[in-house]
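Engineer: Build the 3D model from these lines:
(2 chains)
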Amino acid sequence: MPGSAVMGITLLGLGVFVCYQGLELALGKPSSPGPGFVPFGLGLFLTILSALYLSQSFRGREKGNDRGDGSGSRRLIMAVGVICFYALAVTWLGYLLTTFFLFAIWLSLIERKDWVQTFSLACAACGAVYLFNTLFSVQLPAGLLRGFIR
Amino acid sequence: MEQISGLLYGFSVALTWSNLFFCFLGALVGTLVGVLPGLGPAATVALLLPITFKLEPVSGIIMLAGIFYGAMYGGSTTSILLNIPGEAASVVTCIDGYQMAKKGRAGPALAIAAFGSFIAGTIGVVGVNFLAPPLADFAVRFGPPEYFALTLFGLFLAAYLASTSLVKGLIMVILGLLLCMIGIDPIAGIPRFSFGVLPLQEGLDFIPLAMGLFGIAEILINTERAMKTELITRRVGRIWISLQDWAEAKWAILRGSVIGFLVGILPGGGAVIGSLISYAVEKRVSKNPEKFGKGAIEGVAGPEAANNSAATGSFIPLLTLGIPGNATIAMIFAALMIHGVTPGPLLITEKPEIFWGVVASMYIGNGVLLLLNLPLVGMWVQVLRVPYFVLAPFVVLLCIVGVYSTRTNVFDIWVMIIFGVIGYIFRKLAFEPGPLLLAFVLGTISERAFRQSLLMSKGSPLIFFERPVSAVLMVVLIILIGMQIAFLFRKKSQSINQFRGGG
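Structural biologist: Below is the predicted model of the structure:
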């Protein structure tokens, strides 16, 4: 099934779900519209438009942009993974260590750079984020390094 | 005259050392992102939004505005020298700009792009200067029906103009409106679409959404492609224009300035469409249309002028009506709201330092950009040597730190990641994220105006046709929709006839 068809079906399902939620929230009357009034209307429009999009997709008129090759998908999954790692680990490890690992993983595994380039850029990034945190008083979590840094 | 005295006051605000610095910084960063392919002005404004929280509102807006119009200047450099548009509005500059460079005329192409941008940018600011105050005076009388009609019209135009397909554009608008409904209903006070998740009851924040859709999605697309930067080997030569070049380009610059300004005022219009229309017009009015595509200087001058005046013109609906017309302006709208400043017809009277300060800074910014882009073009060419593998993780880091710093909440980082992946899928399937973001910003105004209008009229939708401004907008909207439906039917009947003829 082409990607556009999967998208169309997802949007269609979302449209129906929003309509249902709109009904649950109470539609009210036209003279005093309730909290579900506008969402219900939008859900209805989304359902109609998704059906149109889906029909275009099945007729082959909907084409996406370029399709990546296998190595592209691997790079993409690793990039998303390393960003998720940052979100998961930042509170526990602290911003400096997670920044270091973000750069180390990105440059060594995704970009396949040698360890000298990886290490020096990761250190530079840590310096930059430390400066940013100090200058703008951002209060990024210090994590394991609490007591050593702000 | 109100405009002149206002402008003089604006210069007194913009010419302070700190505001001059932020104007220069905005122009510099704007040129930089314009030059660098793979990072547009919308993504950059999203990235730098959190930094403006620490600044005075006027300084922050001066900097963000500088990034927006500065990117239009810088975008031409890579188009001309590398045949790679630095940002979307410079795509059309590639056609003749690169051909000029191949013929050894990179210098005149860069010079006419910079001069054209300067002239158009200045014409655009003069337009904002003189048109915005009367428009704001007029808009003071607007009530909920006018605001609903305006936002509806704006969102339809955004869907229509900013996307390759109207169906996709409208889907994006509806998704944006639905996303802004997450949280407490502004009238009934009931949580909607929060499913018991506490952070969702506060509603989605604009910054993680914008950074995800523009910043992270852009990085994911470029990482998948393993984007590489190419080293410049072409000689730029002397950056100046001859009298003959000037004679050939001057009317193209003026036409481009006017076209761009008018398109920029339209919601959903903006710099990309302005430059495309300008190129089409130049080709049509030219005595030698066969020159286009082979290095016609008018093909560089017109579109470059148009994208600059469009960028400036798009400030008019924001500053006078409080309605942003494109994604970058929507982010400047968000920045104003975060600072407690509501853009709209009362901005000129209630916060004159912001309105006139920003307008005056645009005059200064245009001069700064001319200086940055003409003598320093060699430096910008060197910037292109920064490898993308260095740039990408830094942008990711800036996104994460920027999102976290706004509310010191890891939940927002997750929201950004989710919308980054969604934004990536949208781009793969050619869904433009701009209308979604615009709808997210306008959704609250639009829904409130719609429900208040119905309360005022006791449920009669005729209220939107009883007041002149809303009636005109609604009628134009109905005509536009009717034209689209008629066009679709005609296309369908033509394809059926072709099929029968072929069979």
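
Engineer: What strand or helix carries the residue of the stretch 1-150 of chain B found nearest chain A?
Structural biologist: Residue of the stretch 1-150 of chain B nearest chain A, by Cβ to the nearest Cβ: B:Lys54 (5.7 Å). Every residue, glycine included, has its C-beta placed from N, CA and C. Using DSSP states H and E, B:Lys54 maps to neither a helix nor a strand.

Engineer: since we're on A:Gly13, how many residues are nearby?
Structural biologist: 12 (other Cβ atoms under 10 Å in any protein chain shown).

Engineer: brain fart, A:Pro30
Structural biologist: 14.

Engineer: In terms of pLDDT, where does it sit?
Structural biologist: For A:Pro30, the model assigns a pLDDT of 83.

Engineer: does the closest residue in space to it that isn't next to it in sequence count as helix, strand or coil?
Structural biologist: Of all residues not flanking A:Pro30 in the chain, B:Gly459 sits nearest, at 3.4 Å (Cβ to Cβ, 6 or more residues apart in numbering or on different chains). Each residue gets one of three states, and B:Gly459 gets coil by DSSP: H, G, I helix; E, B strand; the rest coil.

Engineer: Tell me the residue in chain A that is farthest from the middle.
Structural biologist: Most distant from the centre of chain A: A:Ser31, at 39.5 Å, with distances by Cα atoms, centre = their mean.

Engineer: didn't that one look like it was pressed against B:Leu454?
Structural biologist: Yes. Contact criterion Cβ atoms under 8 Å: A:Ser31 and B:Leu454 qualify, at 6.8 Å.

Engineer: Give the burial count for the residue in chain B positioned nearest to chain A, as a bare number.
Structural biologist: Nearest to chain A in chain B, going by Cβ to the nearest Cβ, is B:Gly459, at a distance of 3.4 Å. Residue neighbour count, defined by other Cβ under 10 Å, stands at 14 for B:Gly459.

Engineer: can you check B:Ile418 too?
Structural biologist: When neighbours are defined as other Cβ under 10 Å, B:Ile418 has 14 of them.

Engineer: give the contact list for it.
Structural biologist: B:Gly212 (Cβ atoms under 8 Å, 6 or more residues apart in numbering or on different chains).

Engineer: tell me which residues of the strand or helix carrying it are tucked away?
Structural biologist: Element membership of B:Ile418 [criterion: DSSP H and E] is helix B:410-428. The neighbour-count check on helix B:410-428 (16 or more other Cβ atoms under 10 Å in any protein chain shown) flags B:410-417, B:419-428 as buried.

Engineer: can you map out the strands along chain B?
Structural biologist: Ranges of strands within chain B are B:183-184, B:191-192, based on DSSP state E.

Engineer: which stretches of the stretch 51-200 of chain B have low pLDDT?
Structural biologist: The model of the stretch 51-200 of chain B has pLDDT under 70 over residues B:84, B:86-87, B:162-163.

Engineer: what does it put close to chain A?
Structural biologist: Contact residues, the stretch 51-200 of chain B versus chain A (Cβ under 8 Å from any Cβ of the partner chain): B:51, B:54, B:167-168, B:170-171, B:174-175, B:177-178, B:181, B:185, B:187-188, B:190, B:192-193.

Engineer: Buried subset of those as a PyMOL selection?
Structural biologist: Here is the PyMOL command that selects the buried residues among these (16+ other Cβ under 10 Å):
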select buried, chain B and resi 51+167+168+170+171+174+175+177+178+181+185+187+188+192+193
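
Engineer: residues in contact with the residue farthest from the centre of chain A?
Structural biologist: Neighbouring residues of A:Ser31 by Cβ under 8 Å, 6+ apart: B:454-455, B:458-459.

Engineer: Highest neighbour count among those?
Structural biologist: Tallying neighbours with other Cβ under 10 Å puts B:Leu454 at the head of the contacts of A:Ser31, with 24 neighbours.

Engineer: Which pLDDT value goes with it?
Structural biologist: 89.

Engineer: My read is that it contacts A:Gly28, right?
Structural biologist: No. Taking Cβ under 8 Å as the definition, B:Leu454 is not a contact partner of A:Gly28, at 9.5 Å.

Engineer: Just give the number of residues close to B:Val368.
Structural biologist: By the criterion of other Cβ under 10 Å, B:Val368 has 21 neighbours.

Engineer: Surely A:Ile105 is in contact with A:Val80?
Structural biologist: No. Applying Cβ under 8 Å as the test, A:Ile105 and A:Val80 come out as separate, 11.9 Å apart.

Engineer: Please enumerate the helices of chain A.
Structural biologist: Applying DSSP state H to chain A gives helices spanning A:3-25, A:37-58, A:70-93, A:95-105, A:115-135.

Engineer: most tightly surrounded among those?
Structural biologist: helix A:95-105 (a mean of 22; mean count of other Cβ atoms under 10 Å in any protein chain shown).

Engineer: Who are the packing partners of that helix?
Structural biologist: In this structure, helix A:95-105 makes packing contacts with helix A:70-93, helix A:115-135, helix B:388-407, judged by 3 or more Cβ pairs under 8 Å, 6 or more residues apart in numbering or on different chains; DSSP states H and E.

Engineer: right, and these - which one's nearest B:Gly75?
Structural biologist: Closest to B:Gly75 of these is helix B:388-407 (Cβ to Cβ; 16.7 Å).

Engineer: got the contact list for the residue nearest the centre of chain A?
Structural biologist: Computing the C-alpha centroid of chain A and ranking residues by Cα atoms, centre = their mean puts A:Val80 first, at 8.2 Å. By Cβ under 8 Å, 6+ apart, A:Val80 lies in contact with B:220, B:417, B:420-421.

Engineer: Thanks a lot, catch you later.
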